[in-house]
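K.L.:
sequence unknown, structure follows:
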């Protein structure tokens, strides 16, 4: 293999292969689980059209079934989990079957959760095909479906057998999807890797021009941040919480419009700016550092403000965050550039002032 | 506490308290998780009527909400899981909330699975109120819901914080429910504890007369077998499979009538006899040992044969067992009395002959 391997520390450690090739996964699986096993590929129609043939090239010695899940965040549901269960049984799946989650965050979260509960758990491989999934959701073993009462409300910490990242799948990714991943990459830089932020600033134009070499570098560095944080704290008691930077504010923006009309990357972008303003008020960031962040986000066309919102409504929506404890909002703030901090004493007044800074 | 404590070896070890008192659980929880935490009691209407007041006596220093789940195996469903999720959010539950599963196997499996996936996992305590739950389902961390495609098809291995067993709850248990537990107790004896079998034989009349002291002894010994087997093999790769003795045949009988009109205990009873016949054919049991088992089951009024069934249909139904591997049926057989064995080479002909022995 040409790429790079990073190992994630976990109750069940697993490797992340960066710059792997889809058609070589079969060889790896033969050494890892043995030939002849039953594989269940779970993917979206368009991702399947692009990449199933390439993937299958390497899987000749396995029994392979494919389950196609329609596009969209709505598919991360108990209903879809139930459908996958029926389909898997119809294919003869058992607890030795290995699931291959080929797609972005929706597929990874849904197929991973399905793998975690079907017959009390089967093995699965994350094969991320979006930048967001590569640098963020495929690493760390968090899997989930949504529920009317909250996003990702039902799920598990369930480490995959491996993460298999082929950067060439980014070539077909729409720019809007790329931006979702860039927002998370910038998040990783702000909370844990100042050098990564400088790298992004320096190469912003080439990134916008979608030069493949840049994405390799960017994705590898960003994935490394995620691997480091989840290795230190698998079940999110400490440092892993830093990864929620921008997300408490961002999820409120997404929830307020029922996840329609705003992308995750846009929500996180505005959320990072709001949290940065709160950090500045607390003396954790300088105005120059906040401006540096805003300039970078704007440069990519990511929003840093939002129109005509009611800050009180948004603040209340932040009350549903899974991190919260006994009604107290738990927030992640940047500490300068390159470090994060978790605060458990945020009051609604300072949160409202932070919202005011990003509402036009 | 007057009772006995056994510790289960597990990724997350936990204690089983046998002969504890419902009203003392609060004291234990105070030392274990601290006072003031949010508790979510999940129970059935009738169990709640009998025991909620007693349980709540000890929970004065906690914030307590109660969710009532209707009676019946049908409630072990994704739909009920979804309802519990909405209700838990409405009560302000978060990932620090502790679930108390007060009831029999349905409540333990459902509430345990809910605890395993809500916000990616909260803590829970098993409080079994049936003999079946005390000796079997509350121990070992197996949680699940049913699915149209199979019983217990979606679930997890998710160890509880503790198992809190108050034998006095058996006083209100219908005899039919008691028989479900006795069938599992006899199963434990056959596969792992010959002395327990002798004990049951010796005290059969007192057990039928429902003498409380007998149930303490019976339940403690039977629980100990379960603790030992799951401690040796938490995720069911080896010895824990012995606990499936009688269940491959039994589940087929239950599935054939869609779990209506036959109790779990009845299914297991006939299933144990069928598997014993197969064991005898393979020279693993003597005819005397098979007769000994049949006599004991009959003595309790448990069935050892079934009427007017098609053995071919039942054999096909055994093909859906979670233990099976690549279409090969995996069976547990007794090896004499007091030991079990897993066989992976059973052919349909000998399975059909075993069915013939129990079909009238």
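P.N.:
That came through, no problem. Quick caveat, the model's predicted, so the values are computed rather than measured.
K.L.:
which residues touch the closest residue to chain B within the stretch 101-250 of chain A?
P.N.:
With C-beta to the nearest C-beta as the measure, residue A:149 is the residue of the stretch 101-250 of chain A nearest to chain B, at 4.1 Å. For the C-beta atoms, the positions are set from N, CA and C on the backbone; glycine is no exception. Listed by C-beta atoms under 8 Å, 6 or more residues apart in numbering or on different chains, the contact set of residue A:149 reads B:85, B:86, B:89, B:90.
K.L.:
Select from those the one having the most neighbours.
P.N.:
Neighbour counts for these, by other C-beta atoms under 10 Å in any protein chain shown, peak at residue B:85, which reaches 22 neighbours.
K.L.:
Tell me which residues touch that residue, please.
P.N.:
A:147, A:149, A:153, A:154, B:114, B:118.
K.L.:
Which pair of the residues you listed spans the longest distance?
P.N.:
A:149 and B:114 (13.0 Å; C-beta to C-beta).
K.L.:
hmm, back to that, which ones among the contacts of residue B:85 lie within strands?
P.N.:
A:147, A:153, A:154 (DSSP state E).
K.L.:
The second one against residue B:122, yeah?
P.N.:
The reference is to residue A:153. No: counting by C-beta atoms under 8 Å, residue A:153 stays clear of residue B:122, with 11.9 Å between them.
K.L.:
Which strands and helices lie in contact with the helix or strand in which residue A:164 is found?
P.N.:
Residue A:164 belongs to strand A:162-165 when assigned by DSSP states H and E. For strand A:162-165, the elements it packs on are strand A:14-18, helix A:25-33, strand A:123-128, judged by 3 or more C-beta pairs under 8 Å, 6 or more residues apart in numbering or on different chains; DSSP states H and E.
K.L.:
Just confirm yes or no for the second one near chain B.
P.N.:
The one in question is helix A:25-33. No: figure legend: helix A:25-33 not in contact with chain B (C-beta under 8 Å from any C-beta of the partner chain); closest approach 13.0 Å.
K.L.:
mean confidence for that helix?
P.N.:
Mean per-residue pLDDT for helix A:25-33: 96.
K.L.:
Also the last one?
P.N.:
For strand A:123-128, the per-residue pLDDT values average out at 98.
K.L.:
who does it pair up with?
P.N.:
strand A:98-103 (parallel), strand A:162-165 (parallel) (DSSP bridges).
K.L.:
Can you name the residues of the stretch 151-300 of chain A that neighbour chain B?
P.N.:
Checking the stretch 151-300 of chain A against chain B by C-beta under 8 Å from any C-beta, the hits are A:153, A:154, A:155, A:156, A:157.
K.L.:
out of the residues you listed, which one sits closest to residue B:78?
P.N.:
Out of those, the member with the shortest distance to residue B:78 (by C-beta to C-beta) is residue A:154, at 9.6 Å.
K.L.:
Let me know whether that closest one touches residue A:144 as I believe.
P.N.:
Yes: using C-beta under 8 Å, residue A:154 is in contact with residue A:144, at 6.2 Å.
K.L.:
can you list residues touching both of those two?
P.N.:
Joint contacts of residue A:154 and residue A:144 (C-beta under 8 Å, 6+ apart) are residue A:113.
K.L.:
how close does the nearest residue in space to residue A:235 that is not next to it in sequence sit to residue B:339?
P.N.:
Nearest non-adjacent residue to residue A:235, counting by C-beta to C-beta, 6 or more residues apart in numbering or on different chains: residue A:157, 5.6 Å away. Using C-beta to C-beta, to the nearest Å, residue A:157 is found at 37 Å from residue B:339.
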